[in-house]
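>>> Return atomic coordinates for the entry below.
(chains A, B and C)
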Amino acid sequence: MIAAPDRTPLAREFFDRPVLDVAEDLLGRLLVRNTSEGPIELRLTEVEAYAGEADPGSHAYRGRTPRNDVMFGPPGHAYVYFTYGMWHCLNAVCGPEGRASGVLLRAGEIIQGAELARKRRLSARNDKELAKGPARLATALDVDRALNGTDLCAGPDSPLRLLHGVPSRSDQVMNGPRTGVAGEGGVHPWRFWIADDPTVSPYRPHTPRKRRT
DNA sequence: ACGTTGATTAACT
DNA sequence: GTTAATCAACGTC
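A predicted model of the protein is given here:
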């Protein structure tokens, strides 16, 4: 007998904790996107923690700007940023207000609305690739900066929410270095994923860019 | 391995 | 005000 996942939203207090605790605890939870065509639901399988202004890997490292403003606000809200001229990535803001920590939602398994996700991810060769990577996840769920600042703890009519779902057992949670983070920020094993899950993205080390002369 | 693409920001005038 | 380097990535080669 398998218990049905808990479909109540995560409470504000869930996010108002140290970011590493929140990151690990988010694995197995449900991310629900209400689109005009219907809901898309995703079970989180991979995340990364970003620890505020002291973290060289964080957008907040150089202080508060219009772009990262949401990270400095109250926990439990969505921080969506645009990167590489093409893609969006989705984070959940954590910790006490002003701390500017957050969890990047890197990958997941689409468990409902796959037909809607496939329409947005035409290059995906199979359903396991629909949300295998942070920009793929955002694309599959039709997340862009219009959703920046969305309250993830709100009611069922909200466009983007995080529900309790079925949290992963701690003995299935792996951790290691973050993807693509250079220098001292790269030493922290702050990437968390569910062991042996086929929707987890491959690890990619930081690639230094060529300096233009 | 390489090209794509544009917001953001530091470093200039 | 203007410029140029940077960037938590993906798709195609």
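
>>> Residues of chain A that sit close to DNA strand C?
A:48, A:50, A:57-59, A:81, A:83-87, A:89, A:91, A:102, A:104, A:121, A:123-124, A:129, A:133-137, A:139, A:178-182, A:201, A:204, A:209, A:211-212 (CB under 7 Å from any atom of the strand). The C-beta positions use only the backbone N, C-alpha and C, and glycine is treated the same way.

>>> Buried subset of the residues you listed, written for PyMOL?
To isolate the buried ones among the residues of chain A next to DNA strand C in PyMOL, judged by 16 or more other CB atoms under 10 Å, type:
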select buried, chain A and resi 48+50+57+58+59+81+89+91+102+104+121+124+129+133+134+135+136+137+139+178+179+181+201
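
>>> Out of the residues of chain A next to DNA strand C, which are close to DNA strand B?
A:83, A:84, A:85, A:86.

>>> got the contact list for the residue of chain A found nearest DNA strand C?
Closest residue of chain A to DNA strand C, CB to the nearest atom of the strand: residue A:133 (2.3 Å). Shown in contact with residue A:133 (CB atoms under 8 Å, 6 or more residues apart in numbering): A:106, A:107, A:201.

>>> run the last query once more with 10 Å
A:46, A:87, A:89, A:106-107, A:139-140, A:179, A:199-202, A:204 (CB atoms under 10 Å, 6 or more residues apart in numbering).

>>> Confidence-wise, which of these comes last?
Minimum pLDDT across the contacts of residue A:133 is recorded for residue A:204, with 72.

>>> do you know how far that residue is from residue A:61?
21 Å (CB to CB, to the nearest Å).

>>> ok, now how distant is residue A:171 from residue A:139?
32 Å.

>>> For the longest strand seen in chain A, list the C-alpha coordinates in PDB.
Counting by DSSP state E, the longest strand found in chain A is strand A:38-51. Listed in PDB are the C-alpha atoms of strand A:38-51, where the atom choice follows Å, rounded to 0.1, in the frame of the first residue of the first chain:
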ATOM      1  CA  GLY A  38      -3.500  22.900 -17.200                       C
ATOM      2  CA  PRO A  39      -1.300  21.800 -14.400                       C
ATOM      3  CA  ILE A  40       2.300  20.500 -14.700                       C
ATOM      4  CA  GLU A  41       3.600  18.600 -11.700                       C
ATOM      5  CA  LEU A  42       7.200  17.700 -11.000                       C
ATOM      6  CA  ARG A  43       8.900  15.700  -8.300                       C
ATOM      7  CA  LEU A  44      12.200  17.300  -7.300                       C
ATOM      8  CA  THR A  45      15.300  15.100  -7.700                       C
ATOM      9  CA  GLU A  46      18.200  17.600  -7.800                       C
ATOM     10  CA  VAL A  47      18.900  20.900  -6.100                       C
ATOM     11  CA  GLU A  48      21.800  23.200  -5.200                       C
ATOM     12  CA  ALA A  49      22.200  25.500  -2.100                       C
ATOM     13  CA  TYR A  50      23.400  29.100  -2.400                       C
ATOM     14  CA  ALA A  51      24.400  30.600   0.900                       C
END
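
>>> Strand partners (parallel or antiparallel) of that strand?
strand A:30-35 (antiparallel), strand A:101-112 (antiparallel), strand A:191-194 (antiparallel) (DSSP bridges).
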